[in-house]
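> Model the following, please.
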Amino acid sequence: MSEHADYHRVCNISVCAELDDKETKLLAEKMGVHHLKDGEVLVKEGDSDQSLYVVVSGKLAVYSNDVHGKDNLVYTMKEGECAGTRAFVDRTPRKATLRAVGNTTVYTLTPKDFESLLDPHPRLVYKVMRALFRVTHTNLMRMNQETQQLSNYINKTQGRY
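Below you'll find the predicted structure:
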């Protein structure tokens, strides 16, 4: 990695909310920086890349392939949001394609770099893993709410349609 994440920006990332200054600096030293131009693909669905990504400027469009192989926009990520939590933790292929919307900068963290903190700084790793769980839980709650709204729309219940 030729460029490291800016400590001050890392302080504002949701997965670092519980970290103290020393822990945040240690994590920032492990993170890389990736700059994307508008429309540039960060990762494709099915890729084996297992890095965790955090949007620090710009936006990332999340696309998923339908049964015909067509990319469908699922969500647009904003600054501070994390991508790739499942691949980062489970070490499984990507379930979505991530494409920059405008010029975008993301911080990256590989499992190998993160795990290098495990023995010397287990509390830091624990705090980040708790935060990743919260991110995943928040995403699940958002998806459940969207599913409920779609169900209400289809069944014409609980609202004006």
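> Spit out the contact partners of Leu109.
Listed by CB atoms under 8 Å, 6 or more residues apart in numbering, the contact partners of Leu109 are Leu27, Lys30, Met31, Gly32, Ser51, Leu52, Val54, Phe88. To be clear about C-beta, it is placed using only N, CA and C from the backbone, and glycine gets the same treatment.
> now, which of the residues you listed lie within helices?
Leu27, Lys30, Phe88 (DSSP state H).
> ranking these by neighbours, who comes first?
Each of these was scored for neighbours by other CB atoms under 10 Å, and Leu27 scores highest at 26 neighbours.
> from the contacts of Leu109, which is closest to Glu115?
Using CB to CB, Lys30 comes nearest to Glu115 of the contacts of Leu109, at 9.8 Å.
> What's the separation between Val106 and Glu40?
11 Å (CB to CB, to the nearest Å).
> Same question for Val101.
10 Å.
> Lys112 too?
Separation of Lys112 from Glu40 (CB to CB): 24 Å.
> Look at Met1 and report its pLDDT.
Listed pLDDT for Met1 reads 41.
> What is the longest helix of the chain by residue count?
Longest helix in the chain, counting by DSSP H: helix 122-155.
> and that helix, what other elements does it pack with?
Under the contact definition 3 or more CB pairs under 8 Å, 6 or more residues apart in numbering; DSSP states H and E, helix 122-155 sits against helix 21-30, helix 85-90, helix 111-115.
> excluding its backbone neighbours, what's nearest the residue nearest the centre of the chain?
Centrality entry for the chain: nearest residue to the mean C-alpha point is Ala83, 1.7 Å, by CA atoms, centre = their mean. Spatial nearest neighbour of Ala83, chain neighbours left out: Tyr53 (4.3 Å); criterion: CB to CB, 6 or more residues apart in numbering.
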